[in-house]
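K.L.:
take this sequence and fold it.
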Amino acid sequence: MAAPIVKFRLAENEDIVKVTQNFHEKLKEVRSTFGKVNVAATAELCLCCVVGIDANDKVVAFGAIDDRPSLPQNLTLSNQAMDWAIQEASDLGYLSDSMMWLRVCVSMPDNKEDEDSLLKETLHALFSVSPTTQVILHVGQ
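P.N.:
A predicted model of the protein is given here:
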């Protein structure tokens, strides 16, 4: 079975309620990977958010990147901690002007088997809207 066709675009204000509603059942999974995610705040504060829309006009994917890392809940969110994460990335050879930080990436296709490919498409969409980005990093839990 072929994966469903999903079109990606920059997230718009009216998408945020749909994202919150559609991904409610995945909240526990999202929190285990990305910590507490407030979709509205993420959309407002991040540099770039994309949504994937299926043929039925349903939001089936959401991704957001920013130029500063978000940190797991068990770490104190401070400038010092963020600077540490950026320095660690730099020490690994990533240039700060060509990297972005993943805030959230989630998908919820009708068919569970399509989830991994949809996540990859979401990351591809994030790279597409930020052409100078060479790498997207995430500080894991």
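K.L.:
which helix runs longest in this structure?
P.N.:
Taking DSSP state H as the criterion, the chain has its longest helix at helix 115-129.
K.L.:
contacts for that one next, please.
P.N.:
Here helix 115-129 makes contact (C-beta atoms under 8 Å, 6 or more residues apart in numbering) with 3, 6, 8, 10, 48, 50, 52, 60-65, 100, 102, 105-109, 133, 136. (Glycine included, C-beta is placed from N, CA and C.)
K.L.:
may I have that helix exported as PDB, CA atoms only?
P.N.:
Extracted in PDB, the C-alpha atoms of helix 115-129 (Å, rounded to 0.1, in the frame of the first residue of the first chain):
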ATOM      1  CA  GLU A 115       4.400   7.100  10.700                       C
ATOM      2  CA  ASP A 116       8.100   6.800  10.200                       C
ATOM      3  CA  SER A 117       7.900   8.000   6.600                       C
ATOM      4  CA  LEU A 118       5.700  10.900   7.600                       C
ATOM      5  CA  LEU A 119       8.200  11.900  10.300                       C
ATOM      6  CA  LYS A 120      10.900  11.900   7.700                       C
ATOM      7  CA  GLU A 121       8.800  14.000   5.400                       C
ATOM      8  CA  THR A 122       8.200  16.500   8.200                       C
ATOM      9  CA  LEU A 123      11.900  16.800   8.800                       C
ATOM     10  CA  HIS A 124      12.400  17.200   5.000                       C
ATOM     11  CA  ALA A 125       9.800  20.000   5.000                       C
ATOM     12  CA  LEU A 126      11.600  21.800   7.900                       C
ATOM     13  CA  PHE A 127      14.900  21.700   5.900                       C
ATOM     14  CA  SER A 128      13.100  22.900   2.800                       C
ATOM     15  CA  VAL A 129      11.700  26.100   4.500                       C
END
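K.L.:
now do the helices in the chain.
P.N.:
13-22, 27-34, 39-45, 79-91, 115-129.
K.L.:
shaky segments in this structure?
P.N.:
1-4, 71-79, 140-141 (pLDDT under 70).
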